[in-house]
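S.K.: need a structure here:
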Amino acid sequence: MIRPATPDDLATIDRFIRALAAEEGLPAVTATLDDLEAALFGPTSLAAALVVQVGTVRVGFALYYPKYGTVSGRRGIHLEDLYVTPELRNQRVGERVMTHLARLAGERGVLEWWVQHSNHAALRFYQRLGGQELADIAVYRLERDALQELVD
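M.R.: So this is what the prediction gives:
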């Protein structure tokens, strides 16, 4: 079953986020449960999440937020994270989550996400679903010192 996340899911989503970060070799997760709660359920929530459940066991999640294309005028969804527990991978669970998100995005016009080049399994998965790599786009980021330097 795929359902919208509730505050009762926060600890599980946090655990899944940490597992995903570890699998992808990302730096330690610094976001707290309070950060996650504010982002998903606070008065100025920024994102939404889906939880995947088999019986009463939570086995995955997807976290997404709205996007808007100024040139196309289309609204859409940006998928931030998709995680399925290792024992249920290759059983079409991720595909069902993407289908669910595609329905939501279909109402808006586009679904997009970022994938680390080193995550070959995810790249194959998304290509199999028909996802297209946007080769003409580079992702940039300013963090901490660089951000402060720009402000100063």
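
S.K.: use CA for all of it now, contacts and neighbours both
M.R.: Fine.

S.K.: Can you verify my assumption that residue 110 contacts residue 74?
M.R.: Yes: with contacts counted by CA atoms under 8 Å, residue 110 reaches residue 74, the gap being 7.3 Å.

S.K.: With neighbour numbers in mind, choose between those two.
M.R.: The neighbour comparison of residue 110 against residue 74 (other CA atoms under 10 Å) goes to residue 110, with 18 against 12.

S.K.: List the buried residues for the helix or strand hosting residue 125?
M.R.: Using DSSP states H and E, residue 125 maps to helix 120-128. Residues of helix 120-128 classed as buried: 123, 126 (neighbour count, 16 or more other CA atoms under 10 Å).

S.K.: what does stretch 20-28 give?
M.R.: Buried-residue list, stretch 20-28, by 16+ other CA under 10 Å: residue 20.

S.K.: residues in contact with it?
M.R.: 18, 29, 83, 119 (CA atoms under 8 Å, 6 or more residues apart in numbering).

S.K.: and the first one, what does it touch?
M.R.: The one in question is residue 18. With CA under 8 Å, 6+ apart, residue 18 has these contacts: 28-29.

S.K.: Checking my notes, it in a strand, right?
M.R.: No: read with DSSP: H, G, I helix; E, B strand; the rest coil, residue 18 is helix and lies in no strand.

S.K.: chain center to stretch 5-21, what's the gap?
M.R.: On the basis of CA atoms, centre = their mean, to the nearest Å, stretch 5-21 sits 12 Å off its chain's mean C-alpha point.

S.K.: in which helix or strand would I find residue 80?
M.R.: Using DSSP H and E, residue 80 falls in strand 75-84.

S.K.: residues of whichever strand or helix holds residue 40 that come out buried?
M.R.: Using DSSP H and E, residue 40 maps to helix 33-41. By neighbour count with 16+ other CA under 10 Å, helix 33-41 contains the buried residues 36-37, 39-41.

S.K.: Would you mind giving the residues you listed as JSON lines with pLDDT and distance to residue 53 added?
M.R.: Listed next are the buried residues of helix 33-41 as JSON lines, based on pLDDT from 0 to 100; distance: CA to CA, whole Å:
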{"residue": "36", "pLDDT": "98", "distance to residue 53": "20"}
{"residue": "37", "pLDDT": "98", "distance to residue 53": "20"}
{"residue": "39", "pLDDT": "98", "distance to residue 53": "22"}
{"residue": "40", "pLDDT": "99", "distance to residue 53": "19"}
{"residue": "41", "pLDDT": "98", "distance to residue 53": "20"}
